[in-house]
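Undergrad: below are the sequence and a predicted model for it; my questions follow.
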Amino acid sequence: MDLLLLCVQQLVAPPEEGGKKKKGKKGGKGKKGKKDKKEKKGKKGKGKKGKGEDEEPPGWTMPPSVFIKTVAEGCFDYRNHWECRDEDWNFQQKHDSELIKVTKRGELELEIRQQVDEIMREELSKLKLAIDKEKKAKGGKKKGKKKGKKGKKGKKGKKGKKEKDLTPDRTIDSLYEELVMEGVIKRPSKTQVTDFLGDYSYLGTTLRAKNIEPMPGLADVRRIITEYCVLPLGSQTVHEKAPHIKSLALIGPRGTGKKMLVNAVCAETGANFFDLSPQNVAGKFQGKKETALLIHMVFKVARALPPSVVYIGDCEKSFMKKIPKADTSDCKRFKKELPKVLKILKPEDRVLILGVTKVPFNADVKPFCTMYQKLVLIPRPDYASRRILWKSLIEKGNGRFSPQLSLSSLAKVTDGYTPGHMATATQAVLTEKRITQLHKKPLEASEFIPPLAKIDPVYKEEEIAFKVCGIFPSKHLFMKDDLCGQFCICTTHRLISCSRFLSSPSMHGGELLQGLHVQDHC
């Protein structure tokens, strides 16, 4: 370490070394001059001339390096903190909490100072506003009644131009507390994006070669959620540089893990979770003014405390043409308010609206697709994903694998079942009593069939309806075919009837697409 410091010092001051060498040369020549004085006294002038002739040019000198300062700082830090430190006990090289505290205290002090300064500025502005109001009130009393009325009209006109703040006298803490008490702000469950298990769709390229659009794999869904939701919400720099996505809708059949992904996004990014689903808000903030106040409060707090996720369950209900009479949640009251909020959200606001729906075809297409910028389809799992899911679910349920338990056959038989269905079947089979009997009676694949038989699977026609919804999000319209009375998909140019493949749900994807017959739409 000392040698390194000496090298650094020599590099910092190269000109001094050169000067010493020159002095050395002069000194050597001076000794020669003394000898000449002893031998011959008359050769002083010649000796001076000889010195001038023997002088060499200075040559190339190394310029000072830019990194010397950083190396010197590193050496100084090593000497102060680590040279005399005993690290024999710390074989795993764990962090030192005291050193971290010392470095972070200064940063915390600066942050607290900035927060205190902001609070003081807000209080000062409030005091100024209060004083201005008192002065205006005193001035208004002195003037006539007519002038006072004119002044009121002028004030109303000015307020209309600015963005309306429905809660100007309330702090963010009070709004946050009210939303928590009303059950709008909730604590998300501790799940991660990696808990959403699934494999890639390996047959995608071969199906596309045959002009068949494949269903996305669950691993592709996990990647999209990470890129569009987790990274922009978790990092401000990524949010500024990535495309600005304000709203996203997760579409898929029941039990595919849509709500789990929403909780995972909140847990991974540490975001605030606002629940604006119709069932959660039913009976709260009723009326137009109260609904506008609720939306204003939610997005005011969400923008002030980023990152934030606004969750809307059954998001298709806000855009339905006809609501069933049994539904008393007043779900259409957000239809006009939510599109207005999208215009208010700016690129620097780390706020994401996440909608979830099982039946997107019940909604009015145009307002639904303008509200949600991205539609992410979560399909039922394929064979590879089902095999991974069965393995993980049985391991979590404390089950044991045996030769009698064939995961490949279990994955093949359970085609059409979602991860939610598989989880309920695993819980029904792996009870406490059955776990104690595993060492005597091994687990078999046939035990999972009875609980699965009680659950309706996701058939092919339902999957294709979701698929078309994902491919043609802005042109499709779901209706009934007058010719066959079956479910069909009507685009702007053609009518695709589903009467043929509805009768045979066991057909493969290629046969289903071949079975579609197209009729001209009048």
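TA: Looks like it came in fine. Residues are numbered from 1 along each chain as shown.
Undergrad: in this structure H244 contacts D349, no?
TA: No. H244 is not in contact with D349 according to CB atoms under 8 Å; the separation is 9.2 Å. Every residue, glycine included, has its C-beta placed from N, CA and C.
Undergrad: just want to know which of those two has more residues nearby.
TA: Comparing H244 with D349 by other CB atoms under 10 Å, the one with more neighbours is D349, at 18 against 13.
Undergrad: with adjacent residues omitted, what lies nearest to that one?
TA: Counting by CB to CB, 6 or more residues apart in numbering, R303 is the residue found nearest to D349 once chain neighbours are left out, at 5.0 Å.
Undergrad: OK, contacts around the one you found?
TA: Neighbouring residues of R303 by CB atoms under 8 Å, 6 or more residues apart in numbering: 345, 349, 351.
Undergrad: any idea which residue sits dead centre in the chain?
TA: V230 (1.9 Å; CA atoms, centre = their mean).
Undergrad: neighbours around I100, how many?
TA: 10.
Undergrad: circling back: chain neighbours aside, what residue packs nearest to the residue nearest to the centre of the chain?
TA: E268 (5.0 Å).
Undergrad: who are the contact partners of the one you found?
TA: 192-193, 230, 234.
Undergrad: which of those lies closest to Y311?
TA: V230 (15.1 Å; CB to CB).
Undergrad: per-residue pLDDT of the closest one, please?
TA: Looking at V230, its pLDDT reads 92.
Undergrad: thinking it is in contact with F196, fair?
TA: No. The pair V230 / F196 is not scored as a contact, 11.5 Å apart, by CB under 8 Å.
Undergrad: give me the low-pLDDT residue ranges for the stretch 301-450 of the chain?
TA: Applying pLDDT under 70 to the stretch 301-450 of the chain flags the ranges 328.
Undergrad: hey, where'd the strands end up in it?
TA: 308-313, 351-357, 374-377 (DSSP state E, counting those that start in this stretch).
Undergrad: who does the first one touch, helix- and strand-wise?
TA: In this case it means strand 308-313. Strand 308-313 sits against helix 258-269, strand 272-275, helix 278-281, helix 288-304, strand 351-357, with contacts defined as 3 or more CB pairs under 8 Å, 6 or more residues apart in numbering; DSSP states H and E.
Undergrad: among these, which is nearest T61?
TA: helix 258-269 (54.6 Å).
Undergrad: mind listing what's buried in that closest one?
TA: Using 16 or more other CB atoms under 10 Å as the burial criterion, the residues of helix 258-269 that qualify are 258-269.
Undergrad: quick one: mean pLDDT over that helix.
TA: 92.
Undergrad: pretty sure L438 is touching F401, no?
TA: No. Taking contacts as CB under 8 Å, L438 lies outside contact range of F401: 10.2 Å.
Undergrad: sorry, back to before: need the strands of the stretch 301-450 of the chain in CSV with distance to A423, can you?
TA: Below are the strands of the stretch 301-450 of the chain laid out as CSV (distance: least, CB to CB, whole Å):
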stretch, distance to A423
strand 308-313, 19
strand 351-357, 18
strand 374-377, 21
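Undergrad: now, the contacts of E268 that are in helices?
TA: Among those, the members falling in helices (DSSP state H) are G234.
Undergrad: closest to S97 among the contacts of E268?
TA: Distance ranking of the contacts of E268 against S97, using CB to CB, places G234 first at 24.8 Å.
Undergrad: which ones are touching the closest residue to that closest one other than its chain neighbours?
TA: Of all residues not flanking G234 in the chain, T269 sits nearest, at 4.3 Å (CB to CB, 6+ apart). If a contact means CB under 8 Å, 6+ apart, then T269 has 229-230, 233-234, 307, 309 as its contacts.
Undergrad: now the residues you listed: which count as buried?
TA: Applying 16+ other CB under 10 Å to these flags 229-230, 233-234, 307, 309 as buried.
Undergrad: farthest pair in those residues?
TA: G234 and V309 (11.6 Å).
Undergrad: hmm, E316 and I323 touching each other?
TA: No. Using CB under 8 Å as the test, I323 is too far from E316 to be in contact (10.9 Å).
Undergrad: the two: which has the busier surroundings?
TA: Taking neighbours as other CB under 10 Å, I323 and E316 compare with E316 leading, 21 against 15.
Undergrad: please report how far the more buried one lies from V413.
TA: As for E316, its distance to V413 is 32 Å (criterion: CB to CB, to the nearest Å).
Undergrad: which of the contacts of T269 lies closest to K289?
TA: Of the contacts of T269, the one sitting nearest to K289 (CB to CB) turns out to be V309, at 26.0 Å.
Undergrad: that closest one bridge partners, please.
TA: V309 forms beta bridges with F273, L352, as assigned by DSSP bridges.
Undergrad: how about it, what does it touch?
TA: V309 neighbours (CB under 8 Å, 6+ apart): 233, 262, 265-266, 269, 271-274, 351-352, 354.
Undergrad: can you list the residues you listed in TSV and add distance to T70?
TA: What follows is the contacts of V309, written out as TSV (distance: CB to CB, whole Å):
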residue	distance to T70
L233	35
V262	45
V265	40
C266	40
T269	34
A271	38
N272	40
F273	44
F274	46
V351	40
L352	40
L354	45
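Undergrad: could you single out the nearest of those residues to L377?
TA: L354 (14.7 Å).
Undergrad: is that closest one in contact with I312, as I believe?
TA: Yes. At 7.2 Å, L354 and I312 qualify as touching, with contact defined as CB under 8 Å.
Undergrad: now distance to V66 too, for the contacts of E268, in TSV please.
TA: Listed next are these as TSV, based on distance: CB to CB, whole Å:
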residue	distance to V66
Q192	43
V193	42
V230	38
G234	34
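Undergrad: quick check: the farthest pair among the contacts of E268?
TA: Longest distance between any two of those is 12.7 Å, between Q192 and G234; criterion CB to CB.
Undergrad: who touches the closest residue in space to Q286 that isn't next to it in sequence in this structure?
TA: Sequence neighbours aside, D330 is the residue nearest to Q286 in space, at 7.2 Å (criterion: CB to CB, 6+ apart). Counting by CB under 8 Å, 6+ apart, D330 touches 278, 282, 286.
Undergrad: any idea how many residues pack against the closest residue to R400 other than its chain neighbours?
TA: Using CB to CB, 6+ apart and skipping residues adjacent in sequence, the residue nearest R400 is L438, 4.9 Å away. Applying other CB under 10 Å, we find 14 residues neighbouring L438.
Undergrad: where's L438 relative to Q93, distance?
TA: 42 Å.
Undergrad: ok, G355 next?
TA: Distance from G355 to Q93, by CB to CB: 46 Å.
Undergrad: more neighbours, those two?
TA: Legend: neighbour count by other CB under 10 Å for G355 and Q93, higher for G355 (27 against 6).
Undergrad: wait, A425 touches E447, no?
TA: No. A425 lies out of contact with E447 (CB under 8 Å); the separation is 9.2 Å.
Undergrad: picking that back up, so which of the strands of the stretch 301-450 of the chain comes closest to E73?
TA: Per CB to CB, nearest to E73 of those: strand 308-313, 40.4 Å.
Undergrad: that closest one vs helix 288-304, what angle?
TA: 140 degrees (axes from the mean of the first three to the mean of the last three CA atoms, to 10 degrees).
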